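**Q** kindly return the folded structure for what I paste below:
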Amino acid sequence: MGKVIKISDAATLAIHAMKVMSVNGIGTQSVMQMAEKLKVSEAHLAKVLQRLTRAKLVKSVRGPGGGFKLGRGAEKVTLSDIYETIEGPLEIVGCLLGEPVCPESTCELSVKLIEAQEAIKKYLSETTLATHKGQAV
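**A** Residues are numbered from 1 along each chain as shown. Coordinates of the predicted model:
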């Protein structure tokens, strides 16, 4: 079966957590602070932040006043960078059955599905954390 673009809870959480850090600027945010703002589990957020840290999208700061901050400027981090860190490469799928049941160019559902996925992929790759400064993603 074909897999349509899926935005998991973890990917959504990663995007929102990084947006919180970008609004905060150069300071750090603790897991507890971010979990409280986002109304999510600290444990789940901590796991997501570990993955973002391994990908160098965020930096972990130890000690008093420690927490997490962006690994590079908000204008240099695309939503695609974040999504692909959590979900892997974003692939465009034509047939939901994953089979050449009908020529994709003649199947209205496949055509619309590809258009929608391409629009989402374009949005994620062109939108940075700084694109909508101070606004939710």
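
**Q** so what sits opposite Phe68 in the bridge?
**A** Gln29, Ser60 (DSSP bridges).

**Q** pretty sure it sits against Leu57.
**A** No - at 10.0 Å, Phe68 does not count as touching Leu57 under the criterion of Cβ atoms under 8 Å. (Glycine included, C-beta is placed from N, CA and C.)

**Q** between those two, who's got more neighbours?
**A** Using other Cβ atoms under 10 Å as the criterion, Phe68 and Leu57 rank with Phe68 on top: 26 against 21.

**Q** dump the residue contacts of that one.
**A** Phe68 makes contact with 17, 21, 28-31, 34, 49, 52-53, 58-61, according to Cβ atoms under 8 Å, 6 or more residues apart in numbering.

**Q** and if you look at Gly88?
**A** Taking Cβ under 8 Å, 6+ apart as the definition, Gly88 has no contacts.

**Q** distance of it from Ala11?
**A** 10 Å (Cβ to Cβ, to the nearest Å).

**Q** check Glu84 too.
**A** Distance of Glu84 to Ala11, computed by Cβ to Cβ: 9 Å.

**Q** of all residues in this protein, which one is nearest the centre?
**A** In the chain, the C-alpha nearest the mean C-alpha coordinate belongs to Tyr83, at 3.2 Å (Cα atoms, centre = their mean).

**Q** contacts for the helix or strand hosting that residue?
**A** Following DSSP states H and E, one finds Tyr83 within helix 79-87. The contact list for helix 79-87 (Cβ under 8 Å, 6+ apart) reads 6-8, 10-11, 14-15, 18, 48, 51-52, 55, 57, 90, 121, 123-125, 127-129, 137.
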